[in-house]
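Undergrad: Mind folding the following:
(one chain, ligands or ions: 1)
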Amino acid sequence: MLNIGVIGAGRMGLNHSRNLRQLDTIKLAGVYDILPEKATAYANEFGAKIYQSPEELINAKDIGLIIITSPTYCHIEALRIALDAHKPIFCEKPLCRTQEELDELIPLITNYDNFFALGFVRRYSPNFAKMKEVVDSGELGKLLCGEIRCLHGRYVRMHGDWFADYDKCGGVMLDMLAHHVDLQNHLIGEAESIYAQSFMLNQNEDELPFDYVSATARFKNGFISNIQCSWLRNAPSDTEMTICGDKASITFSDSKGLLLTKGGKTEKIPVDEAALNIHKIQGGMYAEEMAYIVDAVINGKKPLAGAKEAIDAMTFCFGMMTSAETGELVKF
Ligand SMILES: NC(=O)c1ccc[n+]([C@@H]2O[C@H](COP(=O)([O-])OP(=O)(O)OC[C@H]3O[C@@H](n4cnc5c(N)ncnc54)[C@H](O)[C@@H]3O)[C@@H](O)[C@H]2O)c1
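TA: All right, here's what the predicted structure looks like:
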């Protein structure tokens, strides 16, 4: 039985726990939340023991996996303790809020002698697995350019919410794009430079918070990527990523599925949806991710996204943010 301790019993802490409790190999054994009422609600729902500090939970002898689902700007404090305790760790994305925190974490997670995974849930999508297979098969020919479009047009967060504070969540450049940046890195390789313009989650109290970024990146293999992402209030919503080669192009779209464009025609690529429920639990990608993590910890397997993937994606996102903040091109 794998005993799990959750740090941060908010939206994602609850979501992961509701997926996890379908597995008979785990026990939701402990919880810490800075707000006692959140910890109590969690303990009432899952029967977990409430701990009074992250140190106490992480160092409890029976806790065998730490799940970090506190707000992004708080990840570092839990990570420091969990890495020092050499316990298996699953941390929600983004890994951390600042480049300085990333610099501190790089040596710690690169040489970590235990399980370390970051919550890049889209890695567990069968659509993405198929997209990777097509890109790696060479069917697209020479990879030339692509697009990431993550548009959210019904943003509802208000001032005072950590999710509406650029210093705490990093806005769309960090919070939203971390997922697709990771996927793009996995498909294309290492980035060379990036230039970005963004509202950096406007902090003007006279307006409701909103955010937008438009960025262009160049990769070491010459690939050029156009990136757009938004948190707007009255705008279209859509999420898709396209990779164009000189022989064909592929699009991974949340609304349309996986599409191949070749010879002037666009066709849907069939995807094995059963791959989304290998572990036979309800909850889609997020449930599959949790089942994979538990299986990996118990059976000594690697996660789909570990230290290297975390570092590469965070380096790209922080480069994008530095460019937006300074107005300068950032070279990696
Ligand atoms: N993978 C995904 O698709 C996905 C989706 C949403 C959020 N996230 C990430 O998950 C993390 C949590 O987001 P959320 O939406 O659950 O936030 P949330 O605000 O709903 O929950 C955070 C919880 O952490 C608690 N908390 C605050 N400070 C704390 C601290 N120092 N130590 C312990 N607990 C603390 C809060 O009281 C709250 O209960 C963020 O990093 C976010 O970016 C990932």
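
Undergrad: what are the phi and psi values for the nearest residue to Cys74 once chain neighbours are set aside?
TA: Excluding the flanking residues, the one nearest Cys74 by Cβ to Cβ, 6 or more residues apart in numbering is Gly8, at 7.3 Å. (Each C-beta comes from the backbone N, C-alpha and C, glycine too.) In terms of degrees, to the nearest 10, the main-chain angles of Gly8 are phi 100, psi 100.

Undergrad: ditto for Thr266
TA: The phi/psi pair for Thr266 (degrees, to the nearest 10) is phi -110, psi 120.

Undergrad: wait, what's in contact with the residue lying closest to it once chain neighbours are set aside?
TA: Spatially, and ignoring its direct neighbours in sequence, Thr266 is nearest to Leu259 (5.4 Å; Cβ to Cβ, 6+ apart). Taking Cβ atoms under 8 Å, 6 or more residues apart in numbering as the criterion, Leu259 is in contact with 250-251, 253, 266-269.

Undergrad: Which helix or which strand is home to Leu259?
TA: According to DSSP states H and E, Leu259 maps onto strand 257-262.

Undergrad: What is the burial count for whichever residue of the stretch 1-150 of the chain sits closest to the ligand?
TA: Residue of the stretch 1-150 of the chain nearest the ligand, by Cβ to the nearest ligand atom: Gly10 (1.8 Å). The local packing of Gly10 (other Cβ atoms under 10 Å) involves 16 other residues.

Undergrad: So what does it look like in phi/psi?
TA: According to degrees, to the nearest 10, Gly10 has phi -100, psi -150.

Undergrad: Return the residues of the chain in contact with the ligand.
TA: 7-13, 32-35, 38, 69-72, 74, 92-93, 119, 121, 175 (Cβ under 6 Å from any ligand atom).

Undergrad: Strands - which of the residues you listed land there?
TA: 7, 32 (DSSP state E).

Undergrad: Selecting buried members of the residues of the chain next to the ligand in PyMOL, what would you type?
TA: To isolate the buried ones among those in PyMOL, judged by 16 or more other Cβ atoms under 10 Å, type:
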select buried, resi 7+8+9+10+12+13+32+33+38+69+70+71+72+74+92+93+119+121+175
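
Undergrad: Distance-wise, check the residue nearest to Thr266 relative to Ile7.
TA: 39 Å (Cβ to Cβ, to the nearest Å).

Undergrad: now Ala78
TA: On the measure of Cβ to Cβ, Ala78 and Ile7 end up 5 Å apart.

Undergrad: ok, Glu240 - contacts?
TA: Residues near Glu240 by Cβ under 8 Å, 6+ apart: 147-149, 251-256.

Undergrad: burial of the spatially closest residue to it that is not a sequence neighbour, as a residue count?
TA: Computed as Cβ to Cβ, 6+ apart, the closest residue to Glu240 that is not its neighbour in sequence is Ser253, at 3.8 Å. For Ser253, the tally of surrounding residues (other Cβ under 10 Å) stands at 16.

Undergrad: cool, the one 3 residues further on as well?
TA: One way to gauge burial is a neighbour count; for Lys256, by other Cβ under 10 Å, it gives 12.

Undergrad: low-confidence ranges in this structure?
TA: 275-276 (pLDDT under 70).

Undergrad: switch to 80 and redo it
TA: Residues of the chain that meet the criterion pLDDT under 80 lie in 272-280.

Undergrad: same for the helix ranked longest in it, what does it pack against?
TA: When the chain is parsed with DSSP state H, its longest helix is helix 307-326. When contacts are defined as 3 or more Cβ pairs under 8 Å, 6 or more residues apart in numbering; DSSP states H and E, helix 307-326 sits against helix 99-110, strand 116-118, helix 177-188, strand 191-198, strand 211-219, strand 330-331.
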